[in-house]
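[1] Build me a model from this:
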Amino acid sequence: MTSKLNPEKIKIRLLTLHPDWTLNANNHQIDCRFVFDNYYQTMAFANSVAWIAHQYDHHPQMLISYNSCQIHYSTHSVGGLSDLDFDCAAAIDALLDKKHG
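    The predicted model follows:
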């Protein structure tokens, strides 16, 4: 069972992610926007994120456009952020070798 992280733990975990990941104002969600050259690259990324989500059994909100994909992670069952959100974000960073921007 996952549990809700306190604000101090959230700040520590956020420092382990690529700096493009941001925390929303009420500490309930982390977000990142990934930009690509074209729709094909965007969809390949989105499908890779879907694979990661399946592996962790934890699914983000994703907003996809022609050349970008926004990812929003939160653990609804705990009403905020859990380690699972940060683990999934780290897996996405590893997927891109932390070179997104």
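[2] Can you pull up the most central residue in this protein?
    Centroid-nearest residue in the chain: Ala89, 3.9 Å away (criterion: C-alpha atoms, centre = their mean).
[3] For Ile92, give me its contacts.
    Applying C-beta atoms under 8 Å, 6 or more residues apart in numbering to Ile92 gives the contacts 32, 49, 52, 71. The way it works is simple: take the backbone N, C-alpha and C, and place the C-beta from them, glycine included.
[4] Three-state assignment for it, please.
    Here Ile92 is recorded as helix under DSSP: H, G, I helix; E, B strand; the rest coil.
[5] Please report the distance of it from Asn26.
    Separation of Ile92 from Asn26 (C-beta to C-beta, to the nearest Å) stands at 22 Å.
[6] Equivalent analysis for Leu5, please.
    In terms of C-beta to C-beta, Leu5 sits 13 Å off from Asn26.
[7] Of the two, which one has the most company?
    Set Leu5 next to Asn26 and count neighbours by other C-beta atoms under 10 Å: Leu5 wins out with 21 against 7.
[8] Could you find the closest non-adjacent residue to the more buried one?
    Excluding the flanking residues, the one nearest Leu5 by C-beta to C-beta, 6 or more residues apart in numbering is Leu81, at 5.1 Å.
[9] And Gln55, by the same measure?
    Ala91 (7.7 Å).
[10] didn't the one you found look like it was pressed against Ala53?
    No - counting by C-beta atoms under 8 Å, Ala91 does not reach Ala53; the two are 9.3 Å apart.
[11] Specify the next element, helix or strand, located C-terminal of the biggest helix by length in the chain.
    Across the chain, the longest stretch assigned as helix under DSSP state H is helix 39-56. For helix 39-56, the succeeding helix or strand toward the C-terminus, using DSSP states H and E, is strand 61-64.
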